[in-house]
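> What shape does this take:
(one chain, ligands or ions: 2)
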Amino acid sequence: MNDKLIDATQPYSGYLRKPATQENVELTHVDKGTPCGEYLRRFWQPVAMSSELTDIPVAVDLLCEKLVLFRDKSGRLGLLDRHCSHRGTSLEFGLIREQGLQCCYHGWHYDVDGRILDIPGVPEGEDYRKTFCHGAYPVREFHGIVFAYLGPPEKIPEFPVYDFLAFPEQDLHPVRWDSPCNWLQVRENTQDSIHTSFLHTMFGVPQFGPWYYQLPVIQWTETPVGQVTVTTRDTHGRLYARVNEIILPNFARVPEGHSAGGDKSGSYMPSPRGRGMSLWVIPKDNVNCSMIGWFHFTPEQSPELRAWILKNTSLGQYEDRPLEERKRYPGDYDAWVSQGKISIQANEHLCKSDGAIALYRVQLRKGIRAVQEGKDPKGVVRGAHKPIQTYANNMFEAGNAGKQEDDAKQKMLFDFGQRAMKRTLDCEFDVSGNSTETKAAGD
Ligand code: FES
Ligand SMILES: [Fe+2]
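Numbers count the residues shown, from 1 in each chain. Ligands and ions are numbered 1, 2, ... in the order given. All right, here's what the predicted structure looks like:
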């Protein structure tokens, strides 16, 4: 219990409460030079979806920096400081050229790497062309998403290749949702796995299967790349474990949840590991962030089913509906944005089901310390590497917890969760992404 709230021990004690007003600066502020800002800058981060790039530049806010993203007429991507080095006009009004971008005000012409190609009207030798470069960052485009590295040039890592990107016949569908609040409260929603039963089932628009009316048994553990949260429930007389994953520092994979025990009609159908979502939460600044990533579809999913999944899963992820409707049927966006511009952790009262969130904060602090000590934090990739093992999956086992008394049911689900967690860490699932069927212990 936070001692600042210790006076509030009686009913009607609103006046006596002394809530903290200071956010957790270490984990929430991301300006250049801040602990978490420097940590996040050691990784390739998503900037925008490729579909956002047209024939005009795009203003981008990223990690408290004001930038401009564009594709020049020769097809190369550039991510430049937004304000022109001459007199500060925004390069979002710049003209895209065969090579680079030209400022609209007096024509300074920049290449995608920040080199100054031309300063019109000033004789060569009298201009700045060779004396400095405009600010620029390296950019990569990958499966419809543009990524950038904003850290120290000498620390640039390899672009990470994850195992799920090699799953056969997988369609990656890029998505982006923005929220006007700090990045951490949005990211922590993934580890807050009990909220699927409340916000997404009993209170809001039901977005998962009928088994989500049960409160799950929740367990969590570290993995070589981050952590997993294992939630176990009984579905149609089978045990079901949903394994959500955090890949440090700000990336998450969630297996398909709504049809894990069946399609919309509720019939049983194992959900391939290749389905679900992979989403980064990337700060624009300290009080705004974006979720950017992919839906993963597999060939047997019809266009109609994909459209239904996109609509159903997107619901409530951004300011998508009128306020009154959102109050009657709130979604994730309403939960995390209403926590405040930057949620004050010192005023929280975390309980047992929040253990994965507490673990995540510990892991973030470890990553921050590693950077401060001059080391590579967990997850940074150097040199040629095999596809990085990830752990999100759906797991099933024979068993009918629903027929048990409460205590026995909890134990059955807990024990299954223990087995599911071990199998997850041992990668005892189909690593090709095709199937998640596993045999019951002793089968
Ligand atoms: S302000 Fe951009 S060229 Fe002058
Ligand atoms: Fe949610």
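
> how about the residues of the stretch 1-150 of the chain near ligand 1?
Residues of the stretch 1-150 of the chain lying close to ligand 1 (Cβ under 6 Å from any ligand atom) are C84, H86, R87, G88, T89, C103, Y105, H106, G107, W108. No exception for glycine: its C-beta is placed from N, CA and C like everyone else's.

> if I look at the fifth one, how far off is I145?
Shown here: T89 relative to I145, a distance of 29 Å by Cβ to Cβ, to the nearest Å.

> which one of these two has more residues nearby?
It is I145, of T89 and I145, that has more neighbours when counted by other Cβ atoms under 10 Å, with 22 against 16.

> Now do the SS call for G293.
strand (DSSP: H, G, I helix; E, B strand; the rest coil).

> quick one: it and W177 touch, right?
No - counting by Cβ atoms under 8 Å, G293 does not reach W177; the two are 9.7 Å apart.

> Run through the stretch 201-350 of the chain and note the low-pLDDT ranges.
Within the stretch 201-350 of the chain, the stretches with pLDDT under 70 are 258-272.

> quick one: the helices in it?
303-314, 323-328, 332-337 (DSSP state H, counting those that start in this stretch).

> Would you mind saying which of those lies nearest ligand 1?
Smallest distance to ligand 1 across the helices of the stretch 201-350 of the chain (Cβ to the nearest ligand atom): 36.1 Å, for helix 332-337.

> Can you tell me how far the closest residue to D285 other than its chain neighbours is from ligand 1?
In space, D285 comes closest to C64 once its chain neighbours are excluded; the distance is 4.6 Å by Cβ to Cβ, 6 or more residues apart in numbering. Between C64 and ligand 1 the distance is 22 Å, computed by Cβ to the nearest ligand atom, to the nearest Å.

> what residue of this protein is the furthest out?
Distance from the C-alpha centroid of the chain, by Cα atoms, centre = their mean, peaks at P123 (48.7 Å).

> And what about it, helix, strand or coil?
At P123, secondary structure determined by three-state DSSP is coil.

> One more: the one 5 residues further on?
Classification of Y128 by three-state DSSP places it in coil.

> my read: it touches I119, true?
Yes - the pair Y128 / I119 is scored as a contact, 6.7 Å apart, by Cβ under 8 Å.

> which one of those two has more residues nearby?
Neighbour totals were compared for Y128 and I119, and I119 leads with 18 against 14 (other Cβ under 10 Å).

> Now do the contacts for that one.
By Cβ atoms under 8 Å, 6 or more residues apart in numbering, the contact list for I119 reads H86, G107, W108, H109, D127, Y128, R129.

> ok, the last one - how many residues close by?
Just to be clear, that refers to R129. 17.

> excluding its backbone neighbours, what's nearest it?
I116 (4.7 Å).

> Repeat that for the second one.
With Cβ to Cβ, 6+ apart as the measure, P120 is the residue that lies nearest to G107, at 4.1 Å, once sequence neighbours are left out.

> which residues touch the one you found?
H106, G107, W108, H109.

> can you rerun that using 10 Å?
Q102, C103, H106, G107, W108, H109, D127 (Cβ atoms under 10 Å, 6 or more residues apart in numbering).

> That one and K341: what is the separation?
In terms of Cβ to Cβ, P120 sits 43 Å off from K341.

> Strands along the stretch 201-350 of the chain, start to end?
217-222, 226-235, 238-247, 251-255, 276-285, 288-297 (DSSP state E, counting those that start in this stretch).

> Any idea which of these gets closest to ligand 1?
Going by Cβ to the nearest ligand atom, the one of those nearest ligand 1 is strand 276-285, 23.7 Å.

> got the angle for the closest one vs strand 288-297?
For strand 276-285 against strand 288-297, the angle by axes from the mean of the first three to the mean of the last three Cα atoms, to 10 degrees is 160 degrees.

> Listing partners with orientation, what would you give for strand 276-285?
Partner strands for strand 276-285, per DSSP bridges, with pairing direction: strand 251-255 (antiparallel), strand 288-297 (antiparallel).

> Make TSV out of those strands and add mean neighbour count.
Below are the strands paired with strand 276-285 laid out as TSV (neighbours: other Cβ atoms under 10 Å):
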stretch	mean neighbour count
strand 251-255	24
strand 288-297	23
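
> Would you mind giving the ones you listed as TSV with distance to ligand 1 added?
TSV is the format used below for the strands paired with strand 276-285 (distance: least, Cβ to the nearest ligand atom, whole Å):
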stretch	distance to ligand 1
strand 251-255	36
strand 288-297	26
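
> Return the member of the contacts of P120 nearest to L27.
Nearest to L27 out of these is C103 (Cβ to Cβ; 37.3 Å).

> since we're on that closest one, how many residues are nearby?
Neighbours of C103 using other Cβ under 10 Å come to 23.

> Who wins on neighbours among the residues of the stretch 1-150 of the chain next to ligand 1?
Busiest of these [other Cβ under 10 Å] is W108, holding 26 neighbours.

> quick one: that one and G88 touch, right?
No - the criterion here is Cβ atoms under 10 Å, and W108 misses it with G88 at 11.1 Å.

> residue contacts, R176?
Counting by Cβ under 10 Å, 6+ apart, R176 has contacts 46, 48-49, 51-52, 145, 279, 282, 290-293, 317-318.

> One more pass at 8 Å, please.
A48, M49, E52, S290, M291, I292.

> Please consider this matter closed, and thank you.
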